[in-house]
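> what's the 3D shape of this:
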Amino acid sequence: MKRSGIDIVRDSNIQSWKRLSLRIIINFLPFFFLSNTYITLAESSSSNENFLPLSSRTNHFQRQSFNEPNVISLTTRQEFNTMNIHERKKVKESTLNGNIMNVRGGGMNGPSLEKINKSSDKLIRSNLPSPSKLRHTVFPIYGKDVKKFLLIGCIKFFIIMALTLTRDMKDTMIVTQCGAEAITFLKIYGVLPAAAAFIALYTKLSSMLGKERLFYTTCIPFFVFFLFFDYVVYPYRGIIQPSLEVTKSILGDRSGANEVLSNILLNWTSGLYFVVAEIFSSVSVGILFWQTANDLVHVDQAKRFYPLFAQMSGLAPIFAGQFVSRYSSKASDFGSSLHRVTMAVSVTGIMICVFYHLSMSFVHKENNVAEVRLSSTKPKSVKKKEKMSIRESFSFLSSSHYLKLIGTLVIGYGLSINFTEILWKSLVKKKYPDPLDYQRFMGNFSSAVGLGTSIIIFFGVHLIRVLGWSVGALATPVIMSLLALPFFVCIFTGVDSPSRLTLAVILGTLQSFLSKTCKNALFDPTTQMAYIPLDEELKVKGKAAIDVLGSRLGKSGGSLIQQGLVLVFGNIINASPALAVIFYAVLFGWISAVKSLNTLFTETQKAEKRDK
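Numbers count the residues shown, from 1 in each chain. Next up is the predicted model:
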């Protein structure tokens, strides 16, 4: 039932402490106010008349007598966000000093009507949150958007949590059972074919199913597999995996690369888990989350939502890593630890589906339609990124020197991080041969990377803004090269003694930690900024070409090079001198490409300013 304006005023003046409480809630608990009171008031309005723009509210009050039932409306979030700085300042002052004014009597005109209009403006604005600079900088989301952000953000949080849990588990199984060198073989001969098969299947399903059914059809089978592996495959691995004699009869002598292949064959169930977890890591973020976010989040909301989604990507590994370190790795054996991780992964899978359903329901209600906003509602001027084959990508990149330099950056990171990461994991296995100890170490490392990423992302934007694009782009390769030097030197001197092995693990952990956090906070933003000066065709086709060719050459190329080194030297630690030479050659090419690209980037920006 609607209440009259007089009733609202009478209720507001019952006791003075209620007004004081209202001030405290508005000024010191904006998040609570936005996510509960403001949303409830906005949704309780059944008439669009309650959301009139400010310019038409005067006529609204003139047409309607205060003797009639009336709800004095609140300003909508969209209207508030479009206010300039002076209008927002007035809103803040009204929030701090204004209370619900006494409005009495019937229809008015002249000076009385003007007084009523001023009182109504204070009433309208007194219900708005106080947008402090810190609040706007840290969490620039208001009104109903808070609920929408939290629903979609929780999808991202639980996806990253599941990804972290499965990633730590797959690395623990493969590194401790087969050796870190096995990762390079599995990525080439396991992950690549499986990824191609998945994309073919997904493309076919996308033409047959709607968006919601496609999401559940893509998501749920992964979590079913993890449960099936825990309850069926792993307990009976001794029966379904071949014996050592069988592998010897197939591969012959267990030495060098044959030992790696033999270990993979002996533990093929762990290899299967690794491949599925790798596919899930690519599908979960790239397809399940970002495709959903792009469908549900409007363009004006994306500017405020997406940076905070990145912060959630840093928070989830903190919780996942501590779960592994403090609970899962404390189990009596690795089978029990796997069971604990699987239960946590299953819970995250359920939460992903629950929050996806809630997000879709919220958007249905928000738009008052039965379907989510489709691509037909998007601006026609926005071009869809074209998918290109490897041959088309190579031909297109060859035609532009600017794009070749961006591609060099992407390939450089993919190669260099693969070189040091496999070597570092080999040393960690040597330091912690027990799977539970290795798992505990990787859990703490995941938490550290998550925390570091959250901190560096927050300050990284300001670093690029203050020091410029070139400093942000050079930070990652320079840090990687400086920290890798003592890491390689420590390995060259020998890691047979426990003290040297511990030092090598510490240096490798520090190098890997800063490499990944700088990549997330500095390398990714500067690489995306490099596309800005390009024309529309080069932006769309160039990014598509680099996504296909750059990422594949970086990951696959690094694995192939390390496979060759393992075949020659027997294991990756013995191959560390050759690996160091290749590593610094890649970094030198990467840094040279950054300097050349900075020159072109600066010249292009100056040319655009002259044209303007």
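> Going by C-alpha atoms from here, please, whenever you check contacts or count neighbours.
Will do.
> Mind splitting this protein into its structural domains?
Structural domains of the chain, as assigned by automatic domain parsing, span the residue ranges 5-131, 144-379, 388-612.
> wait, isn't P140 in contact with R304?
Yes. Using Cα atoms under 8 Å, P140 makes contact with R304 at a distance of 6.3 Å.
> Out of the domains of the chain, which gets the lowest mean score?
Of all those, the segment with the smallest mean pLDDT is domain 5-131, scoring a mean of 41.
> So A195: helix, strand or coil?
Taking DSSP: H, G, I helix; E, B strand; the rest coil as the rule, one finds A195 in the helix state.
> Now do the contacts for the nearest residue to it once chain neighbours are set aside.
Spatial nearest neighbour of A195, excluding adjacent residues (Cα to Cα, 6 or more residues apart in numbering): I279 at 6.3 Å. I279 makes contacts with 191, 194-195, as judged by Cα atoms under 8 Å, 6 or more residues apart in numbering.
> cool, R440 as well?
324-326, 329.
> Could you rerun that using 10 Å?
168, 172, 321-330, 432 (Cα atoms under 10 Å, 6 or more residues apart in numbering).
> Which members of these are the farthest-apart pair?
By the measure Cα to Cα, F323 and Y432 form the most distant pair in the contacts of R440, at 18.9 Å.
> Please say which of those two ends up with more neighbours.
Looking at F323 and Y432 with other Cα atoms under 10 Å, you find the greater number of neighbours at F323, namely 20 against 16.
> How about that one: what's its closest non-neighbour residue?
Closest residue in space to F323, ignoring its immediate chain neighbours: G443 at 7.6 Å, by Cα to Cα, 6+ apart.
> That neighbour: what secondary structure?
Taking three-state DSSP, the label given to G443 is helix.
> how many other residues sit next to it?
By the criterion of other Cα under 10 Å, G443 has 28 neighbours.
> I'd like the next helix or strand past the helix or strand where V489 lies.
Per DSSP states H and E, V489 falls inside helix 469-492. On the C-terminal side of helix 469-492, the nearest following helix or strand under DSSP H and E is helix 498-518.
> then the helix or strand that that next one is followed by to CSV, C-alphas only?
Using DSSP H and E, the helix or strand that follows helix 498-518 in sequence is helix 524-529. Presented in CSV, the C-alpha positions along helix 524-529 are these (Å, rounded to 0.1, in the frame of the first residue of the first chain):
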residue,chain,number,x,y,z
ASP,A,524,48.5,-7.7,-19.7
PRO,A,525,47.3,-4.0,-19.4
THR,A,526,50.3,-2.6,-21.4
THR,A,527,49.8,-5.2,-24.1
GLN,A,528,46.2,-4.4,-24.5
MET,A,529,47.0,-0.6,-24.5
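> who are the neighbours in contact with P486?
Taking Cα under 10 Å, 6+ apart, one finds 492, 503-504, 507-508, 511 in contact with P486.
> How much space separates it from T517?
Remark: distance between P486 and T517 (Cα to Cα, to the nearest Å) = 19 Å.
> circling back: for the contacts of I279, pick the one with the most neighbours.
Among the contacts of I279, V191 has the most neighbours (other Cα under 10 Å), with 21 neighbours.
> For that residue, which non-adjacent residue is spatially closest?
In space, and not counting its chain neighbours, V191 is closest to V275: 5.3 Å by Cα to Cα, 6+ apart.
> Just say helix, strand or coil for the one you found.
Three-state call for V275 (three-state DSSP): helix.
> So what's the residue count around it?
By other Cα under 10 Å, 23 other residues sit near V275.
> Please enumerate the helices of the stretch 301-450 of the chain.
Taking DSSP state H, counting those that start in this stretch to define them, one finds helices in the stretch 301-450 of the chain at 334-367, 390-398, 401-431, 435-467.
> how big is the angle separating the last one from helix 334-367?
Think helix 435-467. Between the axes of helix 435-467 and helix 334-367, defined by axes from the mean of the first three to the mean of the last three Cα atoms, to 10 degrees, the angle is 40 degrees.
> can you state the direction angle for helix 435-467 and helix 498-518?
On the basis of the same axes, to 10 degrees, helix 435-467 is oriented at 50 degrees to helix 498-518.
> ok, now the first one?
In this structure, helix 334-367 runs at an angle of 10 degrees to helix 498-518, with the same axes, to 10 degrees as the basis.
> Does anything pack onto helix 334-367? Which helices or strands?
When contacts are defined as 3 or more Cα pairs under 10 Å, 6 or more residues apart in numbering; DSSP states H and E, helix 334-367 sits against helix 144-177, helix 211-228, helix 290-296, helix 299-326, helix 435-467.
> returning to that earlier point: got the helices of the stretch 301-450 of the chain as JSON lines, with distance to I183 columns?
Below are the helices of the stretch 301-450 of the chain laid out as JSON lines (distance: least, Cα to Cα, whole Å):
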{"stretch": "helix 334-367", "distance to I183": "20"}
{"stretch": "helix 390-398", "distance to I183": "24"}
{"stretch": "helix 401-431", "distance to I183": "8"}
{"stretch": "helix 435-467", "distance to I183": "16"}
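> Deepest in the core, which of these is it.
By mean neighbour count, with neighbours taken as mean count of other Cα atoms under 10 Å, helix 401-431 ranks first of the helices of the stretch 301-450 of the chain at a mean of 22.
> Okay, angle between that one and helix 498-518 too, please.
150 degrees.
> Number the residues from 850 up from this point.
Sure thing, new numbering starts at 850, so read that last one as helix 1250-1280.
> And the helices of the stretch 1150-1299 of the chain: which comes nearest T1052?
Among those, helix 1239-1247 comes nearest to T1052, with 18.0 Å by Cα to Cα.
> now I1023, nearest residue through space, not along the chain?
S1119 (6.4 Å).
> Surely that neighbour and C1027 touch.
Yes. Applying Cα atoms under 10 Å, one finds S1119 in contact with C1027, separated by 9.0 Å.
> Now that we have the helices and strands packed on helix 1183-1216, can you turn them into CSV and tack on distance to G1256?
Shown next, in CSV, are those (distance: least, Cα to Cα, whole Å):
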stretch, distance to G1256
helix 993-1026, 27
helix 1060-1077, 31
helix 1139-1145, 23
helix 1148-1175, 24
helix 1284-1316, 21
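> Out of those helices, which is closest to E1215?
Of all the helices and strands packed on helix 1183-1216, helix 993-1026 comes closest under Cα to Cα, at 9.1 Å.
> The closest one: what's the following helix or strand?
Going down the chain from helix 993-1026, the next helix or strand is helix 1030-1035, by DSSP H and E.
> and that following helix, C-alpha only, in PDB?
Extracted as PDB, the C-alpha positions of helix 1030-1035 are listed here (Å, rounded to 0.1, in the frame of the first residue of the first chain):
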ATOM      1  CA  GLU A1030      59.500 -32.800 -17.400                       C
ATOM      2  CA  ALA A1031      56.300 -34.700 -18.100                       C
ATOM      3  CA  ILE A1032      54.400 -31.500 -18.200                       C
ATOM      4  CA  THR A1033      56.000 -30.500 -21.500                       C
ATOM      5  CA  PHE A1034      55.000 -33.900 -23.100                       C
ATOM      6  CA  LEU A1035      51.400 -33.700 -21.700                       C
END
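> Cool, thanks, talk later.
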